[in-house]
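> coordinates only, no sequence provided:
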């Protein structure tokens, strides 16, 4: 059975302009999201993963230098739509976001119920009808019904996160983007939220893009893992393969650095720090080469192409068949 | 004559290998009503006992709001407990006179959670590291230089000359955290208190800092109190784990006992909730108790976990607070389920 492509991102670029030059936060990024699939975008802080979610949702700051590429949602090319139509028809109707700090992203002067209903009422639904939908949804995400008329500050962190999830689901979107949804939460609450997200995925047929740096927690949801490094995607692999034995040397190092509860593997760390994203296009070769343990002469001269291994992708010279000659 | 009454010193005799002893510690914060009235207390730490031995690392694990930071701050002498004692060098630290208290502050190193917030952005590394020396009356600048270079080599910020004149923003997160660790050790402290030292760092750097701390502990014979919410990092670094819930220690045991042979239902939930990177996770639901930790201003009667506990014994857990039972040597559990296993 072949899965249908839901979201197709093709050579997406998002560069910011700062005084020192261009910040290439998202640099020629291509990936696909299939129906009812959850992909995890992993990366260190500053690798451009949050910028990628902003680029997909067109939530751009005002110092954008370049914003180009193609984003297909099913058959619709969303990059050529005007901002106004995009706001009305795509953002939140078909793609929604659970923001990074759900704690602070709720409006403190609105009751949470009204806030969750807002995407519906703003598009012309009657308030009673919208509130009825909200109470159904609250039951579904595990928020007590009487919380509808409470304010955000009266809720605990876990409940606020559930409300933020409800807000993203109320319009029944195709894609939900989760930007570090559990990083500010306690371990038990985190596990409960992950259970909730799993249940919604199986029952509602939504697709997730989960952006995180927490590898252990991401495995709770991942069907496929996309690794970003310095603005580029360097690996996209099925979860079964990634968590056992990833392809790219960076992913391997990253997996070896995850502390595990049991077993007695030695932890490793990656020497050095990620390159600055300013003017990175002028440095030849692979962006991970200075930190790479398997560095070859070619890695510093030429940027590696993307190699396909079955359905997975990896951007590394090691997977070139003629590697020996180089 | 106005002769100050000298406070009588009370000497507690601790066993030889105990560095620091916390006895029945209670830290309550007053809740004020408008004006003078008092609404009650937030019982952040409510009856905590433990000993820190020489060259030992203990980890205090708990969710946010369980009182672990209050406990740490009172060990540093920053909060005055309402009841109970913290004994260091055979004396209660809150009964020290002023100069002894000052000396005590130079005896315990503190590693903060957020390195960038903990070091002054307008100071160079040299200035940051010489501050504790100046505060403790070391005036000789040659001596400063010697000590700073030595401690920077110890935290492997080498070559020293590349770093010593830099400002914090020129350093990466891991290097900043090394500066914080170096500052906590420059007075040759024997005890370190580390408050979530790696939680703000990226996964790849996290291990680097954990390994550094482990190495320093071995080479300097440090005793470390490591406070964290992340159980998975504990194993690499400490000998004992104390699990804290709502102001109390619910389980105290060696690392392997906690991970493979834990007794308390809360520890069980905590371990189950801690993910391991495994693709199978996406296919299963975890059975985690619902709800949130109780409010510390109005903690529930009896065991504080009973409202969420799946094994609650009605008529006991919700009425009386469980004492600590020693189920195995050096394995203490505060849970009524083990009242018959008590060895004492």
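Structure received. The model shown is predicted, which means the values in this text are computed figures rather than measured ones.

> can you pull the pLDDT of residue 290?
Using chain A here. What the model reports as pLDDT for residue A:290 is 89.

> right idea, wrong chain: chain B
82.

> what residues does the stretch 151-300 of chain B have near chain A?
Selection of the stretch 151-300 of chain B residues close to chain A by C-beta under 8 Å from any C-beta of the partner chain yields B:172, B:174, B:202-208, B:210-211, B:229-233, B:235-236, B:259-260, B:269-279, B:281-282, B:285-286, B:288-290, B:292. C-betas here are computed from N, CA, C, even on glycine.

> restricted to helices, list those.
Within those, residues falling in helices by DSSP state H are B:174, B:203-208, B:210-211, B:231-233, B:259-260, B:269-273.

> filter the residues you listed to the buried ones?
Those of those that meet the buried threshold are B:174, B:203-208, B:210-211, B:231-233, B:259, B:269-271, B:273, by 16 or more other C-beta atoms under 10 Å in any protein chain shown.

> shaky segments in the chain?
As the question left the chain open, I've gone with chain A. Residue ranges of chain A with pLDDT under 70: A:1-2, A:102-103, A:323-326.

> chain B, not that one
Along chain B, segments meeting pLDDT under 70 span B:1-8, B:35, B:341-344.

> which SSE is immediately downstream of the host helix or strand of residue A:233?
Assignment of secondary structure by DSSP states H and E places residue A:233 within strand A:232-238. Proceeding N to C from strand A:232-238, the next assigned helix or strand is helix A:239-244, under DSSP H and E.

> what comes into contact with that next one?
If you take C-beta atoms under 8 Å, 6 or more residues apart in numbering or on different chains as the criterion, helix A:239-244 is touched by A:40, A:219, A:222-225, A:235, A:247, A:251, A:255, A:312, B:277-279, B:282.

> and those, which two are the farthest apart?
Among the contacts of helix A:239-244, the pair separated by the greatest distance (C-beta to C-beta) is A:247 and B:282, at 19.7 Å.

> more neighbours, these two?
residue A:247 (23 against 20; other C-beta atoms under 10 Å in any protein chain shown).

> the more buried one against residue A:306, yeah?
No - here residue A:247 does not reach residue A:306: they are 11.3 Å apart, not a contact under C-beta atoms under 8 Å.

> what touches both of the two?
Residues touching both residue A:247 and residue A:306 (C-beta under 8 Å, 6+ apart): residue A:314.

> what residues does the stretch 101-250 of chain A have near chain B?
Contact residues (C-beta under 8 Å from any C-beta) of the stretch 101-250 of chain A with chain B: A:142, A:156, A:158, A:186-192, A:194-195, A:198-199, A:213-223, A:238-240, A:242-244.

> and if we set it to 6 Å?
A:156, A:186-188, A:191-192, A:195, A:215-217, A:219-222, A:239-240, A:243 (C-beta under 6 Å from any C-beta of the partner chain).

> excluding its backbone neighbours, what's nearest residue 302?
Since no chain was named, I'll use chain A. What sits nearest to residue A:302 in space, not counting adjacent residues and going by C-beta to C-beta, 6 or more residues apart in numbering or on different chains, is residue A:285, at 6.2 Å.

> think we crossed wires, I meant chain B
residue B:318 (4.6 Å).

> just give me the residue closest to the centre of chain A.
A centroid search over chain A (C-alpha atoms, centre = their mean) returns residue A:211, at 3.1 Å, as the residue closest to the centre.

> where does it sit: helix, strand or coil?
Of the three states, residue A:211 takes strand under DSSP: H, G, I helix; E, B strand; the rest coil.

> all helices for chain B, in order.
Along chain B, counting by DSSP H, helices occupy B:68-75, B:98-105, B:115-118, B:125-135, B:141-154, B:160-163, B:173-185, B:203-220, B:231-234, B:255-260, B:265-273.

> what residue in the stretch 1-150 of chain A comes nearest to chain B?
When scored by C-beta to the nearest C-beta, the stretch 1-150 of chain A has residue A:44 as its residue closest to chain B, at 4.5 Å.

> wait, that residue sits on residue B:202?
Yes - Residue A:44 is in contact with residue B:202 according to C-beta atoms under 6 Å; the separation is 4.5 Å.

> looking at these two, which is more packed in?
residue B:202 (24 against 21).

> who's in contact with that one?
A:44, A:45 (C-beta atoms under 6 Å, 6 or more residues apart in numbering or on different chains).

> now do the strands in the stretch 1-150 of chain B.
B:18-32, B:38-53, B:57-61, B:83-88, B:91-92, B:108-111 (DSSP state E, counting those that start in this stretch).

> the last one packs against which elements?
Using 3 or more C-beta pairs under 6 Å, 6 or more residues apart in numbering or on different chains; DSSP states H and E as the contact criterion, the elements in contact with strand B:108-111 are helix B:173-185, strand B:191-195.

> need the contact partners of it.
Outside strand B:108-111, the residues that touch it by C-beta under 6 Å, 6+ apart are B:76, B:180, B:181, B:184, B:185, B:189, B:191, B:192, B:193, B:194, B:197.

> next one: the first one from residue A:170, what distance?
As for residue B:76, its distance to residue A:170 is 47 Å (criterion: C-beta to C-beta, to the nearest Å).

> quick one: the residue of the stretch 1-150 of chain A closest to chain B is in a strand?
No - Residue A:44 is assigned coil when assessed by three-state DSSP, not a strand.

> ramachandran angles for it?
phi -70, psi 170 (degrees, to the nearest 10).

> on that earlier part again, correct me, but the residue nearest to the centre of chain A touches residue A:179?
Yes - with contact defined as C-beta under 6 Å, residue A:211 reaches residue A:179; the gap is 4.9 Å.

> give me the common contacts of these two.
Contacts common to residue A:211 and residue A:179, judged by C-beta under 6 Å, 6+ apart, are residue A:53.

> what residues are up against residue 43?
You didn't say which chain, so I picked chain A. Neighbour list for residue A:43: A:49, A:228 [criterion: C-beta under 6 Å, 6+ apart].

> switch to chain B, that's the one I care about
Counting by C-beta under 6 Å, 6+ apart, residue B:43 makes contact with B:28, B:247, B:296.

> separation between it and chain A?
As for residue B:43, its distance to chain A is 19 Å (criterion: C-beta to the nearest C-beta, to the nearest Å).

> what number of residues lie near residue B:169?
Using other C-beta under 10 Å, the number of residues around residue B:169 comes to 8.

> so what's it closest to, chain neighbours aside?
Of all residues not flanking residue B:169 in the chain, residue B:121 sits nearest, at 6.4 Å (C-beta to C-beta, 6+ apart).

> the one you found: neighbour count?
Residue B:121: 9 surrounding residues under other C-beta under 10 Å.

> cool, residue B:300 as well?
Residues lying near residue B:300 (other C-beta under 10 Å) number 14.

> neighbour-wise, which one of the contacts of residue B:43 leads?
Using other C-beta under 10 Å as the neighbour test, these are led by residue B:247, with 27 neighbours.

> quick one, phi/psi of that residue?
As for residue B:247, its main-chain torsions (degrees, to the nearest 10) stand at phi 90, psi 0.

> then residue B:263?
Taking degrees, to the nearest 10, you get phi -120, psi -40 for the backbone angles of residue B:263.

> can you name the residues that contact it?
B:327, B:333.

> any idea how far it is from chain A?
Separation of residue B:263 from chain A (C-beta to the nearest C-beta) stands at 17 Å.

> same question, residue B:121
From residue B:121 to chain A the distance is 18 Å (C-beta to the nearest C-beta).
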